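[1] turn this into a structure:
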Amino acid sequence: MDTITITIPEVKINLNLKDITFDTLENTVFHTQMCSGRKTIEKALFDIDKRLREQRPKGTLENLGKRAKYLSTRLGDILYRRTAYKDKTSGKLRCLLEERLGIKKNQRLSLTRLKIETFLASLTTYRATEENVELLTGFKRSHESIRQSVIREGQSIMEHQKATLDKIRRLEDNEDEAPPSHDTAYLESDATFIRQQRRHKRKGRPYRRRGRRGKSLEVKLGIGYTDKVRRYKKGRGKGLKLKDKFTYASIQDGKTFMDNLSLIAEKRLSLSRAKKVIFGGDGGAYITAGIRDFFPNAIYILSKFHLKRAVKTALAGRPKAQDVINKLLKKDKIDIVLSVLWRLIQRAKDRKDRLALQDLYTYIRNNRQGINPIKRIKDKRVRNMIKGAGAMEANVDKIIAHRFKKRGMSWSVKGAQSLLKVKEAIANDEWDLWWQGRRDESIYINPEPLKQLTAKDFWKKSDTPPLVEMALPALHGPDRDEPWAHVIRELQTIDYYK
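    So this is what the prediction gives:
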């Protein structure tokens, strides 16, 4: 059997009983154990390298001698020497020890140490992570080095996710079996703002802050699940948790975000086979437009929290008016609400008050289909089966606010996006799978552009006449210069995501 033997060296510690405490005893044993572990790893690496040198194929590799390398591990920094070879066939430099152990060419950190640092950085600040890592391992690494490691890991997760989304979009994702279909699939989305990092110079000129808080980044978050079930099987607790939950977070424009969210939802929840799709949102323009384009069969539910907040903001200082509007909205009398708001707008004398009422009027008018949509379902069985949305705010707090919105924090797009992907992998229970081998999988993205399907692609060979494509005469005929034809042409170019 081709094995090596690892012997743990015997250690003796002499302590002065006069000054000893439990803390000094614990710290002494800890540092001694770490030192012993580092020596053991270095000796094991030496033995493995020696065995590989003896078993290497003769005549193909030229021995170039020993070369030293530092590596930071969870036991601290180690220094080991391994044999370098020159491949006579390709002329490339090779190290059999690193190839056998899976150590990359420029790797300076063990995967376990990197996993610990990245996980801690997702929970607290980089400076606090630096202190926590030193407390756990006894060795210090700068917060900037930790930040760069997190960015590289997040960028790698993004590249793998991009390749996965491309396969789903091209219907080439056959790696896993399709998840089981469900009667109801729930999706929710929300956005929040984090402060963008301010540069002192921009294009050779001093940077001037715009407004009191400067420029912000909009972080969009989407979640999907199939049901709300009891969190605890035993006891009297009524807490609920989301079943089959997944999370998707990104800094993107609304259309790209909703497109990617629809692809991930299809992969995780079999969205196209669900009997009912419920989509909850805060009324943002990108949500309503994205539901229309990527979730056409979904029932849109406007968040009650955001609706009440909008009413309270517009009618600040008018508690009676707030009660009237909220009661009318609860009874689904939206036309009456719009009439009341219109009269208030006409009577408003203060410009600020009038603009606030106009914003509320527009908000309710644009999202009226999302106010009490479940009550409008005629089938009572289906109506009782659907559970309302409302899990978004807690997820925004846990994934974004608690880490990105603390006092004094500011972010670059690359840094925020990378850390978001790390937190997304942890929230989706994919963290261990990522380190167990997914991060080393090869990435391939098909360079060919997607082919846009036409009506001919859906024609079936039958005796029935095919679908005939016709052009609108008003846009191409003698009336193309008429004013109303220009209006129709302009409607075709409207971007609903802005």
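[2] so which bits of stretch 423-433 are buried?
    Buried positions in stretch 423-433, judged by neighbour count with 16 or more other CB atoms under 10 Å: 423-428, 431. For glycine as for every other residue, the C-beta is placed from the backbone atoms N, C-alpha and C.
[3] quick one: distance of that stretch to the chain centre.
    Centroid separation for stretch 423-433 versus its chain: 10 Å, with CA atoms, centre = their mean, to the nearest Å.
[4] how far does it stretch from start to finish?
    Criterion CA to CA, to the nearest Å; first-to-last residue distance in stretch 423-433 is 14 Å.
[5] and for that stretch, what are the contacting residues?
    119, 122, 157, 246-249, 398-399, 403, 434, 438 (CB atoms under 8 Å, 6 or more residues apart in numbering).
[6] about what we covered before: closest to residue 382 among the buried residues of stretch 423-433?
    Lowest distance from residue 382 to the buried residues of stretch 423-433 (CB to CB) belongs to residue 428, with 29.5 Å.
[7] thinking again about what came up before, which among the contacts of stretch 423-433 end up buried?
    119, 122, 157, 246-249, 399, 403, 434.
[8] of all these, which comes closest to residue 315?
    Distances from residue 315 to those, taken as CB to CB, are shortest for residue 399 (31.9 Å).
[9] name the SS class of that closest one, please.
    The local conformation at residue 399, judged by DSSP: H, G, I helix; E, B strand; the rest coil, is helix.
[10] tell me who's in contact with the residue nearest to residue 238 when sequence neighbours are not counted.
    Spatial nearest neighbour of residue 238, chain neighbours left out: residue 230 (7.7 Å); criterion: CB to CB, 6 or more residues apart in numbering. By CB under 8 Å, 6+ apart, the residues touching residue 230 are 237-241.
[11] wait, is residue 277 part of a strand?
    Yes. Counting by three-state DSSP, residue 277 is located in a strand.
[12] could you pull up the residues touching it?
    Applying CB under 8 Å, 6+ apart, the residues near residue 277 are 184-185, 187, 271, 295, 297-299.
[13] try residue 373
    Residue 373 makes contact with 299-301, according to CB under 8 Å, 6+ apart.
[14] got a winner among those for most neighbours?
    Among the contacts of residue 373, residue 301 has the most neighbours (other CB atoms under 10 Å), with 23 neighbours.
[15] now do it, the pLDDT please.
    Here, the pLDDT recorded for residue 301 equals 91.
[16] wait, it sits on residue 282?
    No. The pair residue 301 / residue 282 is not scored as a contact, 10.6 Å apart, by CB atoms under 8 Å.
[17] so residue 310 makes contact with residue 362?
    No. Look at residue 310 against residue 362 with CB under 8 Å: they stay out of range, at 10.2 Å.
[18] compare those two (neighbour count), which wins?
    A count of neighbours by other CB under 10 Å puts residue 310 above the other of residue 310 and residue 362, at 21 against 11.
[19] which residues touch the more buried one?
    Contacts for residue 310 (CB under 8 Å, 6+ apart) come out as 283, 359-360, 363-364.
[20] try 6 Å this time
    By CB atoms under 6 Å, 6 or more residues apart in numbering, residue 310 lies in contact with 360, 363.
[21] likewise residue 356?
    residue 314.
[22] mind checking how far it is from residue 235?
    46 Å (CB to CB, to the nearest Å).
[23] could I get the buried residue list for the helix or strand where residue 286 lies?
    For residue 286, the element it lies in under DSSP states H and E is helix 285-294. Neighbour counts over helix 285-294 (16+ other CB under 10 Å) mark 286-291, 294 as buried.
[24] skip ahead from the worst-scoring helix or strand of the chain on mean pLDDT and say which helix or strand is next.
    Every helix and strand in the chain was compared by mean pLDDT, DSSP states H and E; the lowest is strand 205-206, with a mean of 45. Where DSSP H and E defines the elements, the next helix or strand beyond strand 205-206 is strand 216-225.
[25] so what strands line up beside that following strand?
    strand 184-195 (antiparallel), strand 246-250 (antiparallel) (DSSP bridges).
[26] may I have that strand as PDB, with CA atoms only?
    In PDB, the C-alpha atoms belonging to strand 216-225 read as follows (Å, rounded to 0.1, in the frame of the first residue of the first chain):
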ATOM      1  CA  SER A 216     -25.900  55.600  -3.700                       C
ATOM      2  CA  LEU A 217     -26.100  52.100  -5.100                       C
ATOM      3  CA  GLU A 218     -29.400  50.300  -5.500                       C
ATOM      4  CA  VAL A 219     -29.200  46.700  -4.400                       C
ATOM      5  CA  LYS A 220     -32.000  44.400  -5.600                       C
ATOM      6  CA  LEU A 221     -33.000  41.300  -3.700                       C
ATOM      7  CA  GLY A 222     -35.300  38.500  -4.800                       C
ATOM      8  CA  ILE A 223     -36.500  35.400  -3.000                       C
ATOM      9  CA  GLY A 224     -38.500  32.400  -4.000                       C
ATOM     10  CA  TYR A 225     -40.200  29.700  -2.000                       C
END
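[27] before we move on, back to that, can you list the contacts of residue 373 in CSV and add distance to residue 409 and secondary structure?
    Formatted as CSV, those follow (distance: CB to CB, whole Å; DSSP: H, G, I helix; E, B strand; the rest coil):
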residue, distance to residue 409, secondary structure
299, 37, strand
300, 33, strand
301, 32, strand
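[28] how far off centre is stretch 100-110?
    Relative to its chain's centre, stretch 100-110 lies at 27 Å (CA atoms, centre = their mean).
[29] what are the boundaries of the helices in the stretch 301-450 of the chain?
    For the stretch 301-450 of the chain, helices defined by DSSP state H, counting those that start in this stretch occupy the ranges 304-314, 319-330, 334-347, 351-366, 380-385, 392-396, 402-404, 413-427, 431-435.
[30] ok, residue 344 - contacts?
    Residue 344 touches residue 357, counting by CB under 6 Å, 6+ apart.
[31] how far away is it from residue 370?
    Residue 344 is 22 Å from residue 370, by CB to CB.
[32] mean confidence score for the helix holding residue 286?
    Helix 285-294 comes out at a mean pLDDT of 90.
[33] next, the buried residues of the helix of greatest length in the chain.
    Looking across the chain with DSSP state H, the single longest helix is helix 22-55. Buried residues in helix 22-55, counted by 16+ other CB under 10 Å: 34, 37-38, 40-41, 45-46, 48-49, 51-52.
[34] rewinding a little: out of the contacts of residue 277, the closest to residue 170 would be?
    Proximity of the contacts of residue 277 to residue 170 (CB to CB) peaks at residue 271, which lies at 17.4 Å.
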